[in-house]
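Asker: Sequence and predicted structure, then a few things I'm wondering about:
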Amino acid sequence: MPTSRLQIWLTVLAGIFLVSTVLIFAVFALAPTTALVYRPTLLTGFIVALFISLVCIAWLLRGLLRPYTQLVGEAKRAPVAHSGRAQNEAAFVLETFQSVIARLQTQQQELERLSAQASQRADSAEMFSERIVASMPTALIAFDSSGRATVVNGPARALFEDDLEAAGQDYRTIFASVPALAEMVQSCLATGELFRREEIETSADPAGPKRLGATVAPIDPTNESGPRGALCLLTDITEVTRLREQVTLKRNLESLGEMSAGLAHEFKNAMAALHGYAQFLQSIDHDEKARSAAEALLQEVRSLSEMITAFLNFARPQPLQLEEVSLDELIDECARELAPLFAEHRVELAVNRGSSPTVREGLETGLQVHADLRMLRQALLNLFRNATEAIDETRADRRVVVNSSTETDRAGKHWAVISVRDTGPGIAESDLHKIFIPFFTTKTQGHGIGLALTHRVITAHGGTLTAANAFEGGAVFTIRLPLHIN
């Protein structure tokens with residue numbers, strides 16, 4: 001029963017009891033005779049009223065004290081320690097209440113401490129995750145379910161520096177230069193498809209096409225409404241692919257050389273015999289037509305013999321005679337030797353020299369390499385000659401541009417770099433992977449041995465030779481040789 005109702009009932013009963021008492025005393029005081037007559041009745045009424053009032057008060061007190069009794073019972077059952085010093089139930093309840101309050105405060109403090117620890121761990125985990133993403137050498141881009149970038153690390157920005165200027169860009173904008181990658185992200189977001197170790201090519205880089213290793217994985221693929229996003233991992237495998245192709249080419253060339261060396265040797269012996277017979281026919285007194293035919297036969301035999309000799313040099317390379325070679329001086333020497341060829345084809349030769357300042361500090365007499373001077377000279381002459389002959393007569397811009405510089409790879413190794421670029425039509429994409437195979441040529445005159453032999457010479461020196469189409473037009477051949485710093 002609510003306290004307000006108890007108070008009302010107690011007030012009413014007290015009022016009834018008071019009124020009854022006043023009436024009885026008034027009767028006795030004002031009408032003694034009447035009071036004496038009705039004395040038994042009045043006393044009985046007074047006693048009944050008093051009894052009823054006491055019963056009601058007792059019942060009301062019981063209802064009033066019931067919550068207190070329950071509170072005492074709950075205090076006794078509460079799992080708290082009691083001091084035993086409480087002198088009555090009120091003190092006992094107060095002590096229990098204080099103990100519960102203290103325990104709740106302790107638990108609240110513990111919860112606050114645990115919450116702070118959990119928040120700190122969450123912050124630490126988030127910072128740790130951010131550091132992992134930032135320190136990854138692999139490019140990482142995370143997209144939400146709508147296809148907008150939410151996480152982009154440093155390598156990804158370096159890989160797509162022109163496309164990641166603003167946060168939250170759509171994947172179609174970021175991968176505009178790599179349509180194949182955009183299609184993979186689209187499929188991953190739509191169906192949850194996983195793409196693992198895919199190789200794609202991008203040609204947007206001015207430095208040349210790049211090969212990328214791509215893995216595109218859905219985020220939370222078990223979600224009923226579809227993936228919550230896509231995670232894209234990209235690795236620049238241009239150098240790895242190039243080295244792999246060079247290793248494959250080198251093995252193929254070695255196998256081809258071993259198989260063909262014996263046959264070429266037999267051809268050379270046969271050519272020697274043909275050469276002797278052609279000279280004999282030329283010495284016989286014949287008419288002009290016969291002598292002309294004998295001279296043509298002798299010229300063809302000489303040409304074929306030169307080709308076989310070049311092929312034997314390729315198939316059975318001579319051991320390197322290493323010495324200190326200045327590439328700057330060697331380039332100038334080759335330019336002077338081919339000056340008549342440049343003049344004949346009306347081609348201008350431009351030589352540009354440059355290197356990184358940190359590397360140049362260790363150079364005393366230009367770019368120095370350990371190399372076989374004769375072989376390296378022949379390799380450069382082949383490249384200069386091919387670049388000159390690649391420029392047809394219809395070209396207005398007739399230049400061969402030679403750049404010499406240095407570069408340092410990720411391992412800290414220094415390289416001398418020589419690039420030879422022409423202003424010709426360039427190399428067909430379908431021919432780029434065949435350009436260093438023996439006997440492959442696009443010229444009407446030529447044996448297809450020069451570039452294969454040049455490639456063999458450069459790789460024998462621990463370097464690399466690559467062919468590509470320059471961004472400005474024309475073909476560019478790039479030599480990289482280990483740089484010797486004094």
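Answerer: Great, that's in hand.
Asker: For the host helix or strand of I200, list every residue counted as buried.
Answerer: Using DSSP states H and E, I200 maps to strand 195-202. Neighbour counts using 16 or more other Cβ atoms under 10 Å place F195, I200, T202 of strand 195-202 among the buried residues. Bear in mind the C-beta positions are built from the backbone N, C-alpha and C, glycine included.
Asker: just those now: which is nearest E329?
Answerer: Nearest to E329, judged by Cβ to Cβ, of the buried residues of strand 195-202 is T202 at 38.6 Å.
Asker: ok now do the closest residue to F439 other than its chain neighbours, which residues does it touch?
Answerer: Spatial nearest neighbour of F439, excluding adjacent residues (Cβ to Cβ, 6 or more residues apart in numbering): G448 at 4.2 Å. G448 sits next to I437, P438, F439, F440, T441 when contact means Cβ atoms under 8 Å, 6 or more residues apart in numbering.
Asker: State the three-state secondary structure for the residue lying closest to T466 once chain neighbours are set aside.
Answerer: Excluding its sequence neighbours, the residue lying closest to T466 (Cβ to Cβ, 6+ apart) is T478, at 5.0 Å. Classification of T478 using DSSP: H, G, I helix; E, B strand; the rest coil returns strand.
Asker: any idea of the pLDDT on T478?
Answerer: For T478, the model assigns a pLDDT of 93.
Asker: so it touches I418, yeah?
Answerer: Yes. At 7.3 Å, T478 counts as touching I418 under the criterion of Cβ atoms under 8 Å.
Asker: Neighbour count: the two, which is higher?
Answerer: I418 (24 against 17; other Cβ atoms under 10 Å).
Asker: avg pLDDT for the host helix or strand of that one?
Answerer: Assigning secondary structure by DSSP H and E places I418 in strand 414-422. What strand 414-422 shows for mean pLDDT is 91.
Asker: List the contacts of that strand.
Answerer: 327, 331, 359, 367, 369, 380, 383-384, 387-388, 390-391, 399-409, 463, 470, 472, 474-483, 485.
Asker: Which helix or strand lies directly C-terminal to the worst-scoring helix or strand of the chain on mean pLDDT?
Answerer: Within the chain, no helix or strand scores below helix 357-360, which has a mean of 45 by mean pLDDT, DSSP states H and E. Sequence order places strand 368-372 as the next helix or strand after helix 357-360, per DSSP H and E.
Asker: And that following strand, what's buried?
Answerer: Buried residues in strand 368-372 (16+ other Cβ under 10 Å): Q368, V369, A371, D372.
Asker: Also stretch 177-197?
Answerer: Applying 16+ other Cβ under 10 Å to stretch 177-197 flags V178, L181, A182, M184, V185, Q186, S187, C188, L189, G192, E193, F195 as buried.
Asker: My read is that the last one contacts P218, right?
Answerer: Read that as F195. No. F195 is beyond contact range of P218, at 9.9 Å (criterion: Cβ under 8 Å).
Asker: what residues are shared contacts of these two?
Answerer: C188.
Asker: Spatially, and excluding backbone neighbours, which residue is closest to A182.
Answerer: Closest residue to A182 apart from its sequence neighbours, by Cβ to Cβ, 6+ apart: F175 at 4.0 Å.
Asker: Repeat that for G450.
Answerer: N382 is the one closest to G450 (Cβ to Cβ, 6+ apart), at 4.4 Å.
Asker: and what of L451?
Answerer: Per Cβ to Cβ, 6+ apart, closest to L451 is F436, 5.5 Å.
Asker: State the distance from the one you found to P482.
Answerer: F436 is 20 Å from P482, where distance means Cβ to Cβ, to the nearest Å.
Asker: ok, back up a step: just put the contacts of G448 in CSV and tack on distance to A335 and pLDDT.
Answerer: Output for the contacts of G448, formatted as CSV (distance: Cβ to Cβ, whole Å; pLDDT from 0 to 100):
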residue, distance to A335, pLDDT
I437, 28, 76
P438, 27, 71
F439, 29, 70
F440, 27, 71
T441, 24, 74
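Asker: Any of those residues buried? List them.
Answerer: I437, P438, T441.
Asker: Which elements pack onto the helix or strand containing A387?
Answerer: If you go by DSSP H and E, A387 is part of helix 373-389. The contact analysis (3 or more Cβ pairs under 8 Å, 6 or more residues apart in numbering; DSSP states H and E) places helix 373-389 against strand 322-326, helix 327-337, helix 339-344, strand 399-408, strand 414-422, helix 450-460, strand 475-482.
Asker: swap the cut-off to 6 Å and go again
Answerer: Applying 3 or more Cβ pairs under 6 Å, 6 or more residues apart in numbering; DSSP states H and E, one finds that helix 373-389 contacts helix 327-337, strand 414-422, helix 450-460.
Asker: Compare these and give me the one nearest L281.
Answerer: Distance to L281, taken as Cβ to Cβ, is lowest for helix 450-460 among these, at 31.2 Å.
Asker: need the contact list for the closest residue to G229 other than its chain neighbours.
Answerer: Excluding the flanking residues, the one nearest G229 by Cβ to Cβ, 6+ apart is I219, at 4.0 Å. By Cβ atoms under 6 Å, 6 or more residues apart in numbering, the contact set of I219 is P227, R228, G229, L231.
Asker: coming back round to it: among the contacts of strand 414-422, name the buried ones.
Answerer: Neighbour counting by 16+ other Cβ under 10 Å classes 327, 331, 359, 367, 369, 380, 383-384, 387-388, 390-391, 400-406, 463, 470, 474-481, 483 among the contacts of strand 414-422 as buried.
Asker: circling back: with secondary structure as extra columns, can I get the contacts of G448 in JSON lines?
Answerer: Formatted as JSON lines, the contacts of G448 follow (three-state DSSP):
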{"residue": "I437", "secondary structure": "coil"}
{"residue": "P438", "secondary structure": "coil"}
{"residue": "F439", "secondary structure": "coil"}
{"residue": "F440", "secondary structure": "coil"}
{"residue": "T441", "secondary structure": "coil"}
